[in-house]
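In: Generate coordinates for the sequence data below:
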Amino acid sequence: MSEPTDVGLPGGTASALTVPVPEIDLRDPEPTAPAVPAERPEPGGPDAGAAAAPAVVDLRAAGAGAAAADAGEGASLFDLDAFPRGAQGAVEAVLMVVDEPVAEGTLASALGLTVAQVDQVLAELAADYDEAGRGFELRRVAGGWRIYSRAEYAPVVERFMLDGQTARLTQAALETLAIVAYRQPVSRARVGAVRGVNVDAVMRTLSTRGLVEEAGSDPESGAVLYRTTPYFLHRIGLTSLDDLPALAPYLPEADALDELGAGSAS
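Out: All right, here's what the predicted structure looks like:
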């Protein structure tokens, strides 16, 4: 709609000019629904956990499935029942190649058996060897199991060993080792005092062969103390140091000691 508008002109004259004015609709516009953004759960709100829960469950389920698949793949590497002697033959084969006693738990883990099953198999094998009178036996030594030659065949084994098949300890080394075994933990000075000679070189030999090891230091003198190792028990076929033979039967009588002391004094 256009209405006349007075506009001042130069020179003081006035004239009615027509200026176009755009028409404006003054009626209230019809309400229009505003665009509502997608609702997003508030951090820490009740809906946040519900929205994230499916993803967490899926990840856990996928991880469990993968672990089960791996376990199934490991278990299917071999079937003990498929071997000619089953679990007995499998345990026996492992015992034939170990160079030190192996614990029941280690065998169970390697062969996919329970510890109870391994205990039963070991007992059956030991009984079989004893009944058949084999030249070897299955013994529990130093916390594990290993196959050893029987004591009855000691002369045969000794002859084989003395033919140079292995290096033997010297008499001095055996005496030193015996002192450490019965007096441990003990210092080199104490061992030397018992033997009456310097034992530094012999102790180094025993340590190198893995028969003795350091066991702390003497709180008074600060000297290094030594003790025997599990390998020592393994080599002599004992389960613990409590199985060492008593020394009393090998000690001289009191009268002999008195005579020896009197002879030294004179």
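In: So what's the residue count around Q171?
Out: 8 (other CB atoms under 10 Å). Bear in mind the C-beta positions are built from the backbone N, C-alpha and C, glycine included.
In: Then D99 would be within a strand, right?
Out: No. Per DSSP: H, G, I helix; E, B strand; the rest coil, D99 lies outside any strand segment and is coil.
In: what about it, how many neighbours?
Out: Residues contacting D99 under the criterion other CB under 10 Å number 7.
In: same thing with the one 5 residues further on?
Out: Residue neighbour count, defined by other CB under 10 Å, stands at 21 for E104.
In: distance of it from P249?
Out: 35 Å (CB to CB, to the nearest Å).
In: Can you list phi and psi of V224 for me?
Out: Main-chain dihedrals, V224, degrees, to the nearest 10: phi -70, psi 130.
In: let me fix that: E124
Out: phi -70, psi -40.
In: Need the per-residue pLDDT for it.
Out: With respect to pLDDT, E124 scores 93.
In: For it, which residues are in contact?
Out: Residues in contact with E124 (CB atoms under 8 Å, 6 or more residues apart in numbering) are Q88.
In: For it, give its distance to D79.
Out: 20 Å.
In: got it, and R204?
Out: As judged by CB to CB, R204 and D79 stand 50 Å apart.
In: One more: D128?
Out: 23 Å.
In: Show me where the stretch 51-200 of the chain dips below the pLDDT cut-off.
Out: 51-77, 161-167 (pLDDT under 70).
In: Could you pull out the strands in it for me?
Out: 136-141, 144-149, 186-187 (DSSP state E, counting those that start in this stretch).
In: how about the second one: buried residues?
Out: Within strand 144-149, the residues that count as buried by 16 or more other CB atoms under 10 Å are G144, W145, R146, I147.
In: Return the list of helices and strands in contact with it.
Out: With contacts taken as 3 or more CB pairs under 8 Å, 6 or more residues apart in numbering; DSSP states H and E, strand 144-149 sits against helix 86-97, helix 104-111, strand 136-141.
In: Just the C-alpha atoms of it, please, in CSV.
Out: The C-alpha trace of strand 144-149 is given here as CSV (Å, rounded to 0.1, in the frame of the first residue of the first chain):
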residue,chain,number,x,y,z
GLY,A,144,59.4,-83.3,41.7
TRP,A,145,59.5,-86.7,39.8
ARG,A,146,62.2,-88.3,37.8
ILE,A,147,63.3,-91.7,36.6
TYR,A,148,66.4,-93.1,38.2
SER,A,149,68.4,-96.3,37.9
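In: Quick check: bridge partners of the nearest residue to T239 once chain neighbours are set aside?
Out: Spatial nearest neighbour of T239, excluding adjacent residues (CB to CB, 6 or more residues apart in numbering): V141 at 5.7 Å. For V141, the beta-bridge partners under DSSP bridges are G144.
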